[in-house]
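1. Kindly return the folded structure for what I paste below:
(chains A and B)
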Amino acid sequence: MANSLRLYLTCIRNTLDAAMCLQASLEFRTCLAVFLKLQKLLLQSKVQGYSKRTSENFPCQEVERHNKPEVELKTSPELLLNPVLICRNEAEKCLIETSINSIRISLKVQLDGYFIVKQSDELENILAKKFLRFLSMRAESFQVLRRKPVQLNGLPVEAYAGYDISFLITNYHCEDMHKHKLIDFIVQFMEDIDKEISELKLSVNTRGRLVATEFLKQFV
Amino acid sequence: MILLQSPSRFLLQILQDRLLSPEKGIDLDCHSVEFDDVRYHIQFSTRNPQVMVLSVSLPLPPPEAIFFDGLPFGAIDAIKTAYGSVVQILDPPKDGYNLTMKLNLSKLPSVEEQRQALLVKIASVREVVLGAPLRFVLKNLSAKTVAPEMDQLIALVHRPKESFFLVPQPDKVTVVYPMRFQDSTDIVLATSFLQELVEARRTAGLNNAPSCMWSATPPLELKAAPAQALTANAGFVTFVIFPRHVEEKKLDRTVWSLLTFHAYVSYHVKCSEGFMHTRMRRRVDSLIQALDRAKSESEKAKKLVSFKRLSLNETRSNSNS
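-> Residues are numbered from 1 along each chain as shown, chains lettered A, B, ... in the order given. Coordinates of the predicted model:
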């Protein structure tokens, strides 16, 4: 179990490295085979001119004096790279969409109503939902967090194709913060979500056991 | 505090304070509300400083659990037995209350221990009044009999418009609680707690505790119950109480535990949610710290420099003026 988490996170880390530092990797030729494959994946069938550099300041092409994160608008296909979907299992996946000046990372961490849910999973579900909503409400202090997770257009919120939490990293964030530290933060965030949900579940079970024992002890 | 306490701290505090200074008569008129909609109204007047007028309002009973004269079955007898000559029940009770009593504090026993015990008993008026029918049935159980008027399915009030059910038999009493909660998170947490209850019974050392079962559908004992009592979003809990649980010394505690079972579970569900919020806030703080580490040094230095400049300017302007 823990093994698959490690692999999943390493894969995401490498993809983010490729997505944010495309320029640098073309020059220095890092030797990770996956890394180069990812570059190919991201660059496939796009106009070569624009896709050499990512995460740099790019004013809006359509409207004068506007500067928008292109990954959110998706109006000009030449500014977008291929989105990459990394799945850990049926329930958990990560979608990374890149554009010339911004990156959007969407995570899905739990089962939803489409699949049959066991009792213990139901507890995990509401704990995950509670925790992620708690984080999303504080998106302002996190800066790179999006207030609402990414939904597929036209489908209702509960549809199985939506995500649970999303990040939006723009070129401004990349200027303020070191890129590798930002990637560290995202990966640590994902580890922390997993850890926190399992710890919350453990605390609920422990408390339940204690409460039950104290109650029954009164009769003995 | 894990277990809910039987004497109301509010009442006990007022009684003890009054007895510390019996001669000084101060007017007192206050209200209090407790969990599950039980209200108290306490009055002291300067004319009779030793007499306390206590009014109690009970939760609204559902249609299947009836009150006789506004009080549960056997409540008047229970009050007279518990308080003796200290109490005088006023009929009719004050407007909006189910029971009004006059307590003569000068008639309290002079022996310190007995006096303290009676004060605690007065503060446990909720257990005495609401728990009267339950006490009656359980007392019969300890004598291994069943009273003729109490041998069918009995519905007793424990929350506003909700009741729990008893099935008295000569050798055991089965108690069934339909558990209802309003919030969806509450329902899931309560269900997990109740299932832990069943698990905990199986561990060693608790073999003497009443056997308990949980089911999502109404158990067989509730066949005769009205339909609206059979919907419960967190399932049904069944306890089987045997005579050994209601011996002399254990009777009061058993009555209180069974009377406030739903309130106990609800209390711990809420505590759990509060604890989860504290944890989540702590986790948010640690994540924000991690994000701050990602900020480049120049950003942080820029902020420090601007503060420095501000303070230097201030001191210069101060020395000039």
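2. Can you pull the poorly scored residue ranges out of the stretch 1-150 of chain B?
-> For the stretch 1-150 of chain B, the stretches with pLDDT under 70 are B:22-24.
3. Quick check: residues of it near chain A?
-> Proximity of the stretch 1-150 of chain B to chain A (Cβ under 8 Å from any Cβ of the partner chain) is limited to residues B:2, B:3. Where you see a C-beta, it was placed from the backbone N, CA and C, and this is true even at glycine.
4. Tell me where the stretch 51-200 of chain B has helices.
-> B:75-83, B:112-123, B:125-130, B:132-142, B:184-202 (DSSP state H, counting those that start in this stretch).
5. and the last one, how far from the chain's centre?
-> Read it as helix B:184-202. Here helix B:184-202 is found 19 Å from its chain centre; the criterion is Cα atoms, centre = their mean, to the nearest Å.
6. by contact count, what packs against the helix or strand that it is followed by?
-> Note on helix B:184-202: by DSSP states H and E, the next helix or strand toward the C-terminus is strand B:211-215. Applying 3 or more Cβ pairs under 8 Å, 6 or more residues apart in numbering or on different chains; DSSP states H and E, one finds that strand B:211-215 contacts helix B:184-202, strand B:236-241.
7. Tell me which of those is the most buried.
-> strand B:236-241 (a mean of 21; mean count of other Cβ atoms under 10 Å in any protein chain shown).
8. got the angle between that strand and helix B:184-202?
-> 30 degrees (axes from the mean of the first three to the mean of the last three Cα atoms, to 10 degrees).
9. Given strand B:236-241, what are its sheet partners and their directions?
-> According to DSSP bridges, strand B:236-241 forms sheet pairs with strand B:173-178 (antiparallel), strand B:211-215 (antiparallel).
10. Show me what the shortest one is in contact with.
-> Residues outside strand B:211-215 that contact it (Cβ atoms under 8 Å, 6 or more residues apart in numbering or on different chains): A:216, B:194-195, B:197-198, B:201, B:219, B:235-240.
11. Just send those residues back as TSV, with distance to residue B:276 too.
-> What follows is these, written out as TSV (distance: Cβ to Cβ, whole Å):
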residue	distance to residue B:276
A:216	25
B:194	18
B:195	19
B:197	20
B:198	23
B:201	26
B:219	31
B:235	22
B:236	26
B:237	23
B:238	29
B:239	28
B:240	33
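12. Now do the SS call for the residue of the stretch 1-150 of chain B at minimum distance from chain A.
-> Nearest residue of the stretch 1-150 of chain B to chain A: residue B:2, at 4.9 Å (Cβ to the nearest Cβ). For residue B:2, the assignment made with DSSP: H, G, I helix; E, B strand; the rest coil gives coil.
13. Hmm, it is touching residue A:207, no?
-> No: contact between residue B:2 and residue A:207 fails when scored by Cβ atoms under 8 Å: they sit 9.9 Å apart.
14. Tell me the backbone dihedrals of the residue of the stretch 1-150 of chain B closest to chain A, please.
-> Per-residue torsions, residue B:2: phi -90, psi -50 (degrees, to the nearest 10).
15. what's the distance between the nearest residue to residue B:34 once chain neighbours are set aside and residue B:208?
-> Counting by Cβ to Cβ, 6 or more residues apart in numbering or on different chains, residue B:34 lies nearest to residue B:8, which is 6.4 Å off, once chain neighbours are set aside. Between residue B:8 and residue B:208 the distance is 30 Å, computed by Cβ to Cβ, to the nearest Å.
16. same deal with residue A:211?
-> 19 Å.
17. Between those two, which is the more surrounded one?
-> Shown here are residue A:211 and residue B:208; by other Cβ atoms under 10 Å in any protein chain shown, residue A:211 has more neighbours (23 against 12).
18. correct me, but the more buried one touches residue B:196?
-> Yes: using Cβ under 8 Å, residue A:211 is in contact with residue B:196, at 7.4 Å.
19. so how far does stretch A:97-109 reach from one end to the other?
-> Across stretch A:97-109, the terminal residues are separated by 18 Å (Cα to Cα, to the nearest Å).
20. Next: stretch B:43-53.
-> This stretch, stretch B:43-53, spans 5 Å end to end (Cα to Cα).
21. cool, stretch B:17-33 as well?
-> First-to-last residue span, stretch B:17-33, Cα to Cα: 20 Å.
22. re earlier: residue B:2 and residue A:207 - which one has more neighbours?
-> Neighbours were tallied for residue B:2 and for residue A:207 using other Cβ under 10 Å; the higher tally belongs to residue A:207 (20 against 13).
23. How about that one: what's its closest non-neighbour residue?
-> residue B:272 is the one closest to residue A:207 (Cβ to Cβ, 6+ apart), at 5.5 Å.
24. can you pull the buried residues of the strand or helix carrying that neighbour?
-> Here residue B:272 sits within helix B:261-294, counting by DSSP H and E. Within helix B:261-294, the residues that count as buried by 16 or more other Cβ atoms under 10 Å in any protein chain shown are B:261-262, B:264-269, B:272, B:276, B:280, B:283-284, B:287, B:291, B:294.
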